[in-house]
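Chemist: quick one, fold the following:
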Amino acid sequence: MALLNFRRRETATPASGQLEAFLDGYSIEVMPRTAEKVEDFRELLPSGTRVYIAHIEGTPINDMVATARRISREGYPVMPHFPARIIKDRATLADWIARYQGEAGVEQALLLAGGVSEPHGEFHSSMQLLESGEFDRAGFRRLHVAGHPEGNRDIDPDGSMKNVEDALHWKQRFSETTDAEMALATQFAFDAEPIVKWAEGLRAAGIRLPIHIGIAGPAKLQTLIKFAIACGVGPSLKVLQKRAMDVSRLLLPYEPAEVLTALAAHKADNPESLIERVHFFPLGGIKANAQWAIENGGASGVPASKQG
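Modeler: Predicted coordinates:
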């Protein structure tokens with residue numbers, strides 16, 4: 001495949017320096033069908049970039065494991081999703097873990113309930129997956145769980161944050177009993193203010209899990225609005241709606257510079273913040289997302305194919 005035109009900003013400012021530091025060690029998400037379109041991830045991503053593999057209902061586990069194996073062989077740590085509601089039973093969970101581990105060298109996972117209304121079997125929450133002990137038994141080194149800066153109507157139908165917050169306290173207690181490193185990986189949002197408010201509220205409530213903030217990569221505005229509505233993104237959707245009302249910006253691709261610059265500044269001013277890293281949802285395509293990250297200094301701005 002042709003190399004992307006990797007380039008860096010020629011001038012540095014305090015804000016750009018903060019953004020570059022914040023983007024260091026970012027992660028990114030793919031699905032098996034999108035990964036198939038990438039000839040070689042080393043042409044896109046810096047060495048060591050964590051690659052999440054999203055498991056959508058209906059995707060065969062064979063495809064998931066094959067994708068994990070391929071990306072791992074190209075030199076990247078992979079973190080497959082384990083959606084509780086599509087895992088039939090404990091035997092299935094143990095089998096998936098063994099296959100990922102044995103065939104792809106996987107030692108980390110994102111555990112979540114999954115976007116399925118009716119569970120396929122005995123699991124309905126990530127807490128049950130953790131409680132099973134299967135990940136600890138397999139010696140997984142890192143476990144991430146979902147975070148929801150703007151709430152989640154599936155978990156709290158009344159629009160509150162009560163069940164979400166109760167679950168986070170449970171996960172905090174669990175993190176103190178496991179040898180695995182744990183963190184929160186959040187749904188994407190478009191406004192820094194509610195993210196910061198949520199993160200500071202967690203810290204005040206005694207939560208100590210690091211937060212990997214979900215951010216939508218560059219994409220058409222219409223695409224982002226569609227995904228935001230489908231995924232239940234709340235208050236920060238107004239940022240997109242306001243942009244859509246500006247005819248001069250309507251046809252321009254959305255880029256996450258504004259929200260990331262604000263979060264980077266907050267992190268620089270508050271090093272004790274739980275906000276630790278950036279996790280990209282490449283809703284406008286992984287190539288566009290990877291190039292944007294490189295241009296803004298992400299992970300030193302050098303794809304693996306260019307590193308010595």
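
Chemist: next secondary structure after the worst-scoring helix or strand of the chain on mean pLDDT?
Modeler: Among the helices and strands of the chain, helix 247-250 carries the lowest confidence by mean pLDDT, DSSP states H and E, at a mean of 50. Next helix or strand after helix 247-250 toward the C-terminus (DSSP states H and E): helix 257-269.

Chemist: show me what the helix or strand just after that next one is packed against.
Modeler: Counting by DSSP H and E, the element after helix 257-269 in chain order, helix or strand, is strand 275-281. Here strand 275-281 touches strand 27-30, strand 181-188, helix 192-204, strand 211-216, helix 257-269, going by 3 or more CB pairs under 8 Å, 6 or more residues apart in numbering; DSSP states H and E. (Each C-beta comes from the backbone N, C-alpha and C, glycine too.)

Chemist: so which bits of strand 275-281 are buried?
Modeler: For strand 275-281, the buried set under the neighbour-count rule, 16 or more other CB atoms under 10 Å, comprises 275-281.

Chemist: need the phi and psi values for residue 207.
Modeler: phi -80, psi 140 (degrees, to the nearest 10).

Chemist: now it: how far from residue 79?
Modeler: Between residue 207 and residue 79 the computed distance is 21 Å (CB to CB, to the nearest Å).

Chemist: those two: who's more crowded?
Modeler: Counted by other CB atoms under 10 Å, residue 207 and residue 79 do not tie: residue 79 has more neighbours, with 24 against 19.

Chemist: these two touch, right, that one and residue 27?
Modeler: Yes: at 7.4 Å, residue 79 counts as touching residue 27 under the criterion of CB atoms under 8 Å.

Chemist: can you pull the residues that touch both of these two?
Modeler: Counting by CB atoms under 8 Å, 6 or more residues apart in numbering, the contacts common to residue 79 and residue 27 are 50-52.

Chemist: nearest to residue 75 among those?
Modeler: Residue 75 lies nearest to residue 51 out of those, by CB to CB, at 10.3 Å.

Chemist: what's next to whichever helix or strand that closest one is part of, contact-wise?
Modeler: Using DSSP H and E, residue 51 maps to strand 50-53. Contacting residues not belonging to strand 50-53 are listed as 25, 27-32, 35, 41, 45, 64, 67-68, 71, 76-81, 108, 110, 185, 279 [CB under 8 Å, 6+ apart].

Chemist: among those, which are in strands?
Modeler: Counting by DSSP state E, the part of the contacts of strand 50-53 found in strands is 27-30, 78-81, 108, 110, 185, 279.

Chemist: pick the one among those residues closest to residue 201.
Modeler: Nearest to residue 201 among the ones in strands among the contacts of strand 50-53: residue 185, at 17.9 Å, using CB to CB.

Chemist: can you pull the pLDDT of residue 35?
Modeler: We have a pLDDT of 97 for residue 35.

Chemist: no, scratch that, I was asking about residue 164
Modeler: You'll see residue 164 listed with a pLDDT of 79.

Chemist: that one and residue 148 touch, don't they?
Modeler: Yes: with contact defined as CB under 8 Å, residue 164 reaches residue 148; the gap is 5.3 Å.
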